[in-house]
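*Asks:* Have a look at this prediction, sequence included:
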Amino acid sequence: MRVISGICYLIHISNLTKRYDKLVAVNNLNLDIGENEVFGLLGPNGAGKTTLIHMLATLLRPTSGSATVNGFDIITKPSKVRSSIGIVFQAPSSDDLLTGYENLKLHAMLYEVPPDSREKRINDAFELVGLTERKHDQVKKYSGGMRRRLEIARGLIHKPKVLFLDEPTLGLDPASRETMWKYIQKLVKEEKLTIILTTHYMEEADVLCKRIGIIDKGKIIALDTPSRLKSLIGGDVVKIKLRAGDSNIEPLRNLGFIHKIEFVNGYVILNVDDASRNIPEILKCVDVETVESSSPTLNDVFLKLAGRSIKEQAEGGFMERYIQYDNR
């Protein structure tokens, strides 16, 4: 493990790069991720999130650069890395003809969990994800949310130091997604895990992550806490529509709490300090037909940094064009 200024970093990444012919999936990336940290990787499809996770999990060999996980080099000590990690992929990989218990027992045997502690580990994992009462049911009878929780339980059975969650709530309804958030928070508190989370859901990253790396075109373009990233926007966002015939916004330029004024699709967009307190002052200066306000989101941050919304899907989605278990 890497220790800097008293902080223990469980993952250290140095100049890590992955190329597919002329396509650069991960581009000279440097990053340290701390012990017992939930770290979020945020970006559109094709940004490099899954490629990075697959390299750290030793499923892809880097083109160049290096990385260590729990102190083990991903190239020279792959078996040690694998014994240190759990991983939940985007696509479910549990056998739905087996019961939940049978899936976990099989995984425990594959990871050589000692027989004398195997049953306790399995029972503890079911308890942790709230599936004890359903552990003897076939997985095909589970709901989508239950299947995701089973995947997490399976990833924990060998007591890993690092858990990779690749889009853990993809396809779940909002209620199931919030339930999953609670289980992830419980994991961090009770298991003292380092979790690397990729997601498209802005609120998910905001709720769960201590730090977030925004990744685009294989590079980290911003790295900080959610609150500090959102502060890059410069306050709350106020969207106003002026009444017909009134286009004079000059009085707004004299208000010190307004940092930016833009015209977008017939609306005036303002970056404002403390919108709830200052909107009345705005309404005194201009004749407004409608007004809306919102706090900055991580999607706004990506839009500011990358020039497009994180919700816009990158063209091509290169990971779908290459096999996952590449050894080039």
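*Replies:* Arrived safely. Numbering: from 1, shown residues only.
*Asks:* Show me where the stretch 201-328 of the chain has its strands.
*Replies:* 211-216, 219-224, 236-242, 258-264, 267-272, 288-294 (DSSP state E, counting those that start in this stretch).
*Asks:* what's the most buried one of these?
*Replies:* Neighbour counts (mean count of other Cβ atoms under 10 Å) averaged over each of those peak at strand 211-216, with a mean of 23. The C-beta positions use only the backbone N, C-alpha and C, and glycine is treated the same way.
*Asks:* and residue 15, which of the strands of the stretch 201-328 of the chain is closest to it?
*Replies:* When the strands of the stretch 201-328 of the chain are compared by Cβ to Cβ, strand 219-224 sits nearest residue 15, at 11.8 Å.
*Asks:* The closest one to strand 211-216, inter-axis angle?
*Replies:* Note on geometry: by axes from the mean of the first three to the mean of the last three Cα atoms, to 10 degrees, strand 219-224 and strand 211-216 are set 150 degrees apart in direction.
*Asks:* Any regions of the stretch 201-328 of the chain where pLDDT drops low?
*Replies:* Counting by pLDDT under 70, the ranges of the stretch 201-328 of the chain that qualify are 308-328.
*Asks:* thinking again about what came up before, which one of the strands of the stretch 201-328 of the chain lies closest to residue 304?
*Replies:* In terms of Cβ to Cβ, the element of those nearest to residue 304 is strand 219-224, at 9.3 Å.
*Asks:* what's the closest one packed up against?
*Replies:* For strand 219-224, the packing partners by 3 or more Cβ pairs under 8 Å, 6 or more residues apart in numbering; DSSP states H and E come out as strand 23-34, strand 211-216, helix 298-306.
*Asks:* Helix, strand, or coil at residue 121?
*Replies:* On the three-state scheme (DSSP: H, G, I helix; E, B strand; the rest coil), residue 121 is labelled helix.
*Asks:* Can you report how many residues neighbour it?
*Replies:* 20 (other Cβ atoms under 10 Å).
*Asks:* can you start the count at 432 instead of 1 from here on
*Replies:* Yes, from this point I'll number from 432; that puts the last item at residue 552.
*Asks:* wait, it sits on residue 544?
*Replies:* Yes: the criterion here is Cβ atoms under 8 Å, and residue 552 meets it with residue 544 at 5.7 Å.
*Asks:* joint contacts of these two?
*Replies:* Taking Cβ atoms under 8 Å, 6 or more residues apart in numbering as the contact rule, residue 552 and residue 544 both touch 588, 589.
*Asks:* before we move on, the earlier item: can I get the helices and strands packed on strand 650-655 in TSV including distance to residue 519?
*Replies:* Formatted as TSV, the helices and strands packed on strand 650-655 follow (distance: least, Cβ to Cβ, whole Å):
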stretch	distance to residue 519
strand 454-465	17
strand 642-647	19
helix 729-737	22
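*Asks:* just those: most buried one?
*Replies:* Comparing the helices and strands packed on strand 650-655 by mean neighbour count (mean count of other Cβ under 10 Å), strand 642-647 comes out on top with a mean of 23.
*Asks:* other SSEs contacting that strand?
*Replies:* Taking 3+ Cβ pairs under 8 Å, 6+ apart as contact, the helices and strands that strand 642-647 lies on are strand 469-473, strand 650-655, helix 657-661, helix 729-737.
*Asks:* one more time with 6 Å
*Replies:* Judged by 3 or more Cβ pairs under 6 Å, 6 or more residues apart in numbering; DSSP states H and E, strand 642-647 is in contact with strand 469-473, strand 650-655.
*Asks:* ok, residue 706 - how many residues close by?
*Replies:* Using other Cβ under 10 Å, the number of residues around residue 706 comes to 20.
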